[in-house]
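In: Show me the folded form of this:
(2 chains)
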2 protein chains.
Amino acid sequence: MSQQPQLFTSLSPALLHLYDLSNSIVVIIDVLRATSTIATALYNGASAVIPVDSVPLCIKTGRQIGGITAGERDGKVADGLSYGNSPFEYPRHFIEGKTLVLTTTNGTRLLHMALANGAPAVITGSFPNLSAVCEFLLRQHRNVVLGCAAWKDRVNLEDTLFAGAVISRIRDAFSINCDSSQMAEALYLSAGDDLYGYMKRHNASHYHRLSGYGLEKDIRYCLTPDSAPVVPVFDGGKLLPAQNV
Amino acid sequence: MSQQPQLFTSLSPALLHLYDLSNSIVVIIDVLRATSTIATALYNGASAVIPVDSVPLCIKTGRQIGGITAGERDGKVADGLSYGNSPFEYPRHFIEGKTLVLTTTNGTRLLHMALANGAPAVITGSFPNLSAVCEFLLRQHRNVVLGCAAWKDRVNLEDTLFAGAVISRIRDAFSINCDSSQMAEALYLSAGDDLYGYMKRHNASHYHRLSGYGLEKDIRYCLTPDSAPVVPVFDGGKLLPAQNV
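Out: Numbering: from 1, shown residues only, chains lettered A, B, ... in the order given. So this is what the prediction gives:
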């Protein structure tokens, strides 16, 4: 029992400082839609995904490296960028061999926070790469912190559900003394198989926001496991598939 | 719909700043055991409960006003204080007409934070006064923030379950655009009637800590609704029953 690695869940970036990241793999979770899109683009052959925290930096970086610039504000492609945040914009025939420069708010900040706090490994998690992430964590045999990106620091349902999905699959290999983890798993198990219906029924704030932009198809995809089995590892400012790191 | 007051849940003191308290009733929740003991002492006739954040201040205040000093550290009555944190220490024949000076860590800090952030009314909630709190909130017809005291800023199961219990009873009277509230309610509803068993099954960190001190009886009491129907209102550094404010 005591020799098992520990697992914690941080439900918001504002709680991340409570956990010791210095000896942990940190999984950044931004289900709608940053980490789902990151997994999808890498699975479809993108050379790398570079997450940046602002539109000007996205434009500048895209120009420097000849990358695809992407990001949305209020549900539309941001001024000066070429593509949006939807995973459906990045099929293999488009993204293979290219570098995607993606501007996100909550997710990017958390990726940098995790590294700044000394995490030896930072990866991204989402339902499209759920099993790949779980298998990676089981292989590493190290402490894990599941870091939900949330929404402007407010805890959200979809990131918590993903944390719960991970925990429900790998809990036997970890020592879990963390109520947030217990809660996330209990929520996930109570939600059943229809996560889309669950989000809708519970009037999740992000469901509400995105469905208002007509993005139900994105939401369904982002709540469906294992269509993009890859482990994006954040290192040197880039996300690369685990086997290439 | 838009004329209904809003309800939010802050799962940790580290998240309280995300919510606008200036026009909200804030309910401070510290189920194990501060707010359960506060409700019990006031219901049993205590003149007032004065929450303080340190043992020295507890001793000093107790001396100044001739109050009962109480507080624990590591499961034992703290050096220099006379009583502990258990609600069973404050039956009517002992506490009636007396002032209880109670030192708590998580709960007291949050009470002061809520007032400092401009909340027009701050009350305390716990299962022993669940229905009384709900009826109070329904009568006021104002915005509500449920503020979980948590454990050193880490989200805990029992405070979240209490928030969920409140929400499940009053949700129809409020507009709830808050995933933390939806999650708290879903957890509470999934837990069923046996909250003690639920806490135990989910290895809640605080259950674990207190049961290690032999406090199962306290835990059971603190998870049982409505044995102390009173609404403690925090004003001028004191908690008093609502009708006396």
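In: only C-alpha atoms for contact and neighbour calcs from this point on.
Out: Noted.
In: So the helix or strand of chain A with the lowest mean pLDDT, near chain B or not?
Out: Ranked by mean pLDDT, DSSP states H and E, the weakest helix or strand in chain A is helix A:205-211, scoring a mean of 80. Yes. Using CA under 8 Å from any CA of the partner chain, helix A:205-211 reaches chain B at residue A:205.
In: Chain B contacts on chain A?
Out: Within chain A, the positions adjacent to chain B are A:14-15, A:18, A:153-157, A:177-180, A:182-183, A:186-187, A:190, A:202-205 by CA under 8 Å from any CA.
In: Give the residue spans of chain A that score low on pLDDT.
Out: A:1-2, A:244-245 (pLDDT under 70).
In: try it again with 50
Out: A:1, A:245 (pLDDT under 50).
In: Would you map the helices across chain A?
Out: A:34-43, A:55-65, A:92-95, A:106-116, A:130-140, A:157-170, A:179-191, A:195-201, A:205-211, A:216-222 (DSSP state H).
In: Mind putting these into TSV with mean neighbour count?
Out: Converted to TSV, the helices of chain A look like this (neighbours: other CA atoms under 10 Å in any protein chain shown):
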stretch	mean neighbour count
helix A:34-43	29
helix A:55-65	17
helix A:92-95	14
helix A:106-116	20
helix A:130-140	18
helix A:157-170	25
helix A:179-191	23
helix A:195-201	16
helix A:205-211	18
helix A:216-222	19
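In: how about these in TSV, adding distance to residue A:23?
Out: Formatted as TSV, these follow (distance: least, CA to CA, whole Å):
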stretch	distance to residue A:23
helix A:34-43	23
helix A:55-65	31
helix A:92-95	34
helix A:106-116	11
helix A:130-140	12
helix A:157-170	19
helix A:179-191	18
helix A:195-201	32
helix A:205-211	32
helix A:216-222	29
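In: quick one, which of these is nearest to residue B:42?
Out: Closest of those to residue B:42 is helix A:179-191, at 29.8 Å (criterion: CA to CA).
In: Give me the contacts around that closest one.
Out: A:7-11, A:160-165, A:167-168, A:176, A:198, B:154-157, B:183, B:186-187, B:190, B:202-205 (CA atoms under 8 Å, 6 or more residues apart in numbering or on different chains).
In: Name the nearest residue to residue A:151, ignoring sequence neighbours.
Out: residue A:106 (6.4 Å; CA to CA, 6 or more residues apart in numbering or on different chains).
In: now that neighbour: how far from residue A:179?
Out: 23 Å (CA to CA, to the nearest Å).
In: try residue A:30
Out: 21 Å.
In: do the same with residue A:235
Out: 30 Å.
In: Residue A:153 versus the residue nearest to residue A:151, what's the distance?
Out: From residue A:106 to residue A:153 the distance is 8 Å (CA to CA).
In: ok, the nearest residue to residue A:77 once chain neighbours are set aside - contacts?
Out: Closest residue in space to residue A:77, ignoring its immediate chain neighbours: residue A:84 at 4.9 Å, by CA to CA, 6+ apart. Listed by CA under 8 Å, 6+ apart, the contact partners of residue A:84 are A:70, A:71, A:72, A:76, A:77, A:78.
In: 10 Å instead?
Out: For residue A:84, the residues meeting the contact criterion (CA atoms under 10 Å, 6 or more residues apart in numbering or on different chains) are A:37, A:69-73, A:75-78, A:90, A:102-103.
In: Kindly write the ChimeraX command that selects the buried subset of these.
Out: Those of the contacts of residue A:84 that count as buried under 16 or more other CA atoms under 10 Å in any protein chain shown are selected in ChimeraX with:
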select /A:37,69,70,71,72,75,77,78,90,102,103
